[in-house]
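J.: Have a look at this prediction, sequence included:
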Amino acid sequence: MCEPRAARRSAAGPPLTGFVCVLLLVCVSVASASLDVGNNETRRTAAAETAEDPHHPTNSTGLKKAFPVLALNYDYVRKPFEIALWILLALLMKLGFHIIPRVSNVVPESCLLIGVGLLVGGIIRAIREEAPVLNTELFFLYLLPPIILDAGYFLPIRAFTENMGTILVFAVVGTLWNAFFIGGMIFGVCQIEGAQLAGVDLLSCLLFGTIVSAVDPVAVLAVFEEIHINELLYILVFGESLLNDAVTVVLYHLFEEFSHAGTVTVADAFLGIACFFVVSLGGIMVGAIYGLLGAFTSRFTSHTRVIEPLFVFLYSYMAYLSAEVFHLSGIMSLIACGVTMRPYVEANVSHKSYTTIKYFMKMWSSVSETLIFIFLGVSTVAGPHAWNWTFVILTVVLCLVSRVLGVIGLTYIINKFRIVKLTKKDQFIMAYGGLRGAIAFSLGFLLTDDNEMKSMFLTAIITVIFFTVIVQGMTIRPLVELLAVKRKNESKGSINEEIHTQFLDHLLTGIEDVCGHYGHHHWKDKLNRFNKTYVKRWLIAGERSTEPQLISFYNKMEMKQAMMLVESGSAARPPTHASSVSMQNIQPRESARGRAIPSISKSREQEIRKVLRGHLQNTRQRLRSYSRHDLLVDPFEDHVSEVRFRKQRVEMERRMSHYLTVPANRQETPAVRKVCFEPEHRVYTYDDGESPRGRAAQPRPGPADGVSLVSESPPGLGARGPDQEQEVQEEKEEQEEQDQLKLSRCLSDPGPNHNKEEEE
Amino acid sequence: MGASQTRSEHKHQHLADETGFSLEQVKNLHKRFQQLSGNEETIRELLDSVPALANNPIRKQIIEAFFDKRNQHHDEVGTCEEIGFEQFLMVMSHFRPPTLKTTVEEKEAMRREKLRFLFNMHDTDNDGTITLAEYRKVVEELLSKSGDIGQEAAKAIADAAMLEVASTNVPHMAPEDFYEGITFEHFEQILKGLEMETRMHIRFLDVGTTTMACGKSTS
């Protein structure tokens, strides 16, 4: 009984102790770095002074200082050093939490990160140094955009547009209600309360209400990511947190302007409403323009694949900054840019670029999120605080109350217009998931210093943030399980679902037409047709512009399967499904004509072949020159993985032949895809029996000593090489086919011979 | 005049109870039916009266679904020459959304009904299974409006889809076995993730609006 426990403890021991050591080291170095700054400054100035004087005399007298073998100049690298150190600390924390499994199950990551921030802030405070605070510029210009871009680029469009009305109502009306309710109630209570709070005027209260009422996308993402809630709830809460930015921006500027002036007239209110439309629509337009520019640019990048991901990031960042220049809603601009750009960019960029874009976005947003929470913790310790029990408690309570009331009230109205109504469970999760986060803090920080309530506001804001993120964040997971809220169903891409999704779209559009009213599907259909006829032609390169969605989906899946086949680890196990069903079981027995292997368009096939060839080609035929701008596989690595890939080749061969129809019928169906290989020299070819009269094995010109059946093929074939032209001479075809059939019959037997051959 | 009014009211109420629509919705649909039929008792064909359908790749299947006797739930098979308002309403009732009061069992029943409707659209020869040929036809029709992709791609996609259904539902088949076609149970299984009861519905208006008048060509 004690044995396994001891064993487990010792198993967790080494990584844990190692981690703690690294953690201590990093903390100490951070502290010492801040300390060093002070020391270095004084040392440098003193040294400079003393160095000046002897320098002149030394020149004249000839007395020389010894040449410094080792010198210390921390100042030179100070700024990047500290930035890198902070990021490293953040990532090590993240790493650490996942090593300790028990804690990460109970406490969401965001809470732990805030805790770490508090700790580090405390350490820095203890050594009486200046801690970096989450100032507004750092947050809004560097930390927030990656997260929003990541969220916007991968936004589930279908769910978002289907619930757009609901999301907008919650974002706009809900935030307005929250802001005014909280602001008004606080003002009221402050008037009633003691003397110290009487100095808080209405406008300041409303400003405070605005700041604290906005649901924060970073916090929502951080918490909802871990509980895997169903898509509808996720998109409702998250969409609201994104779209309320416009309201927050307008109200914030409105109240800030007028808190100096002192009064707000009706005209100002109307201007405010007009401003709201300008801010939101303007932001979206800016984003859309940059998105289209980005899509258009990606059309021409087929020769410089390496820089493709950069275009996506840069155009999006520019969209954000451009919107911020005009005080438009940067978040909405960023979302609009990502959403607009995505379908076209994905059709244009190479597979590698697509993966790069995805991973870089995830990486940056992850780092940003971690840094934000740590800085929140540090800023809490560092910032100026003015704790006022009444004010703080009041704020927290009011936030909760106004959120609940807002959700219930709005849902009641919205349900009259929704087809799929929101249940009480949904409402609860929506109310409970309204978390506040770093945006509120930064906006509070942005308040001008002459606002004497600033420290009190900041304290209250931080308390609300801590409360929502820690208390609500920690308890939402057990609550979700308790209430048995529907979870996200993890479905991998299914071609049947895709077919039927499209089918349903058309069916519902048709029924709406029969019914006679222009509903949701009608407009969606119109938009799709417009997109297909005009927009795609401009923004997508080559023949992909006319590819229907179903075929793109299918090709994507084929690509994925090809990649999996090549890259899967073991040779023994077939990659995906455990079923032994193959094409043979489906094809009706009578028809021997049907192609066994699905055919795909030529360019697609080129891509897949390139992928396969890239892993399996003879190393001797590869360029030897090293170029920093090319993505070539390291020859050594290639060699090492050759053996591995050869094993997979065998497996693939086995799988492929399993799919082929019985060889006897092959006379009528020459469209056979074959793989042949020489055991000595790892030359693999993959033929392209795309055309109905295609040919079988296409041996590549191998090295001279490659003796095998392959080289006995008629020379005409080799000469024709990789290009598949339809024009095969009629007289040769018959002869070729016979040869090919002979060849293929010899090589196609998928029996145990292959293994033996390969192992020699 | 008054008598016939109440008589049609009764009829509408009866239809409303039978199909689950509200009285308002039945009335609106009746108005639409009369537009489509040219104020006659029955509709013979839909394509001319609804010009917007011309852009729809699966218009043939949609129209056939209206005239399909299987969708009337009277256990009949075959196609009708013409349909009356009752049949029209019956087909439309497949597209009703669930309400807040729908229980879990009712939702399940609704889902099966909608899936059955889809299944009937695919299974044109009514043998209880969707064969490979029928499925190929479905995909072909879907891609028919999208340019000249050709038969090959449609066949390839349909084959892959069939393979997927077979491998999910009958994972271990010997090489000689033949998968006849997609049965209704397999169909349900493969589309489980789509949650039909929340996806396959359109908005039926409760109040008569002028949008109903848009899109009609005959009067």
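T.: Everything's here; your move.

J.: Surely B:Tyr179 is in a helix?
T.: No - counting by DSSP: H, G, I helix; E, B strand; the rest coil, B:Tyr179 falls outside a helix, being coil.

J.: Next one: it from chain A, what distance?
T.: Plainly put, B:Tyr179 is 5 Å away from chain A if you go by CB to the nearest CB, to the nearest Å. The C-beta positions use only the backbone N, C-alpha and C, and glycine is treated the same way.

J.: The residue nearest to that residue when sequence neighbours are not counted: neighbouring residues, count only.
T.: Closest residue to B:Tyr179 in three dimensions, ignoring its sequence neighbours and counting by CB to CB, 6 or more residues apart in numbering or on different chains: B:Ala166, at 4.5 Å. B:Ala166 has 24 neighbouring residues, counting by other CB atoms under 10 Å in any protein chain shown.

J.: Next up, phi/psi of B:Ala166, please.
T.: Main-chain torsions, B:Ala166, degrees, to the nearest 10: phi -60, psi -40.

J.: Find the nearest non-adjacent residue to B:Lys145, please.
T.: That would be B:Pro57: by CB to CB, 6+ apart, it lies 4.0 Å from B:Lys145.

J.: Just want the phi and psi numbers for that neighbour.
T.: When read as degrees, to the nearest 10, the backbone of B:Pro57 gives phi -70, psi -30.

J.: Any idea how many residues pack against it?
T.: Neighbours of B:Pro57 using other CB under 10 Å come to 18.

J.: ok, now B:Arg44?
T.: Using other CB under 10 Å, B:Arg44 is surrounded by 14 other residues.

J.: roughly how far apart are it and B:Glu64?
T.: 14 Å (CB to CB, to the nearest Å).

J.: who's in contact with the residue nearest to B:Lys145?
T.: Contact analysis of B:Pro57 by CB atoms under 8 Å, 6 or more residues apart in numbering or on different chains lists A:506, B:141-146.

J.: A:Val200: which of those is nearest?
T.: In terms of CB to CB, no member of those lies closer to A:Val200 than A:His506, at 58.9 Å.

J.: Next up, identify which helix or strand the closest one is on.
T.: Per DSSP states H and E: A:His506 is located in helix A:495-515.

J.: Mind listing what's buried along that helix?
T.: For helix A:495-515, the neighbour count (16 or more other CB atoms under 10 Å in any protein chain shown) marks A:495-515 as buried.

J.: near chain B, from those?
T.: When CB under 8 Å from any CB of the partner chain is applied, the members of these adjacent to chain B are A:495-497, A:499-504, A:506-515.

J.: what about the helices in the stretch 51-200 of chain A?
T.: Ranges of helices in the stretch 51-200 of chain A, per DSSP state H, counting those that start in this stretch, are A:74-99, A:101-106, A:109-126, A:136-137, A:144-153, A:157-162, A:164-168, A:175-192.

J.: Just say which of the ones you listed is most tucked in.
T.: helix A:144-153 (a mean of 24; mean count of other CB atoms under 10 Å in any protein chain shown).

J.: Show me the contact partners of that helix.
T.: Here helix A:144-153 makes contact (CB under 8 Å, 6+ apart) with A:217-218, A:221, A:238, A:242, A:312-313, A:316-317, A:320, A:330-331, A:334-339, A:341-342, A:357, A:361-362, A:364-365, A:367-369, A:372, A:438-439.

J.: before we move on, what about stretch B:101-117?
T.: Residues contacting stretch B:101-117 (CB under 8 Å, 6+ apart): B:65, B:71, B:94-96, B:98, B:184, B:187-188, B:191, B:195-197, B:200.

J.: Chain A next: which of these are close?
T.: Near chain A, judged by CB under 8 Å from any CB, the entries from these are B:95, B:98, B:191, B:200.

J.: so of the residues you listed, which ones are in helices?
T.: Among these, none falls in helices (DSSP state H).

J.: Which single one of these is nearest to A:Leu251?
T.: Taking CB to CB as the measure, A:Leu251 lies nearest B:Pro98 of these, at 37.9 Å.

J.: wait, the closest one sits on B:Gly20?
T.: No - counting by CB atoms under 8 Å, B:Pro98 stays clear of B:Gly20, with 10.4 Å between them.

J.: Who has more neighbours out of those two?
T.: Neighbour tally, B:Pro98 and B:Gly20, criterion other CB under 10 Å: the higher count belongs to B:Pro98, 17 against 13.

J.: ok, the lowest-mean-pLDDT helix or strand in chain B near chain A or not?
T.: Lowest by mean pLDDT, DSSP states H and E among the helices and strands of chain B is helix B:2-19, with a mean of 77. No - figure legend: helix B:2-19 not in contact with chain A (CB under 8 Å from any CB); closest approach 14.2 Å.

J.: Point out where chain B drops to low pLDDT.
T.: B:1-4, B:146-150, B:175-176, B:206-219 (pLDDT under 70).

J.: Hmm, the residue nearest to B:Tyr179 is touching B:His172, no?
T.: No - assessed by CB under 8 Å, B:Ala166 is found out of contact with B:His172, at 10.8 Å.

J.: Quick one: distance of stretch B:105-115 to the chain centre.
T.: Taking CA atoms, centre = their mean, to the nearest Å, one finds stretch B:105-115 lying 14 Å from the centre of the chain it belongs to.

J.: before we move on, back to that, tell me which other helices or strands the helix holding A:His506 touches.
T.: helix A:520-530, helix A:549-567, helix B:23-37, helix B:59-67, helix B:104-122, helix B:132-142, helix B:151-169 (3 or more CB pairs under 8 Å, 6 or more residues apart in numbering or on different chains; DSSP states H and E).

J.: Any buried residues in the second one, and which?
T.: Within helix A:549-567, the residues that qualify as buried are A:549-559, A:562-563, A:565-566, counting by 16+ other CB under 10 Å.

J.: can you check the fourth one too?
T.: Buried residues in helix B:59-67, counting neighbours by 16+ other CB under 10 Å, are found at B:59, B:61-67.

J.: outside of that helix, which residues touch it?
T.: For helix B:59-67, the surrounding residues in contact (CB under 8 Å, 6+ apart) are A:507, A:510-511, A:514, B:43, B:45-47, B:53, B:56, B:71, B:79-83, B:87-88, B:91, B:117, B:120-121, B:124, B:138, B:141.

J.: from the chain's centre, how far out does whichever helix or strand comes after that helix sit?
T.: Next helix or strand after helix B:59-67 toward the C-terminus (DSSP H and E): helix B:85-92. Relative to its parent chain, helix B:85-92 has a centroid offset of 11 Å by CA atoms, centre = their mean.

J.: Output the contacting helices and strands for helix B:85-92.
T.: Checking 3+ CB pairs under 8 Å, 6+ apart, helix B:85-92 ends up next to helix B:2-19, helix B:23-37, helix B:59-67.

J.: Contact partners for A:Gln227?
T.: Small correction: residue A:227 is Ile, not Gln. A:Ile227 neighbours (CB under 8 Å, 6+ apart): A:476-477, A:480.

J.: tell me which of these is nearest to B:Asn28?
T.: A:Val480 (40.3 Å).
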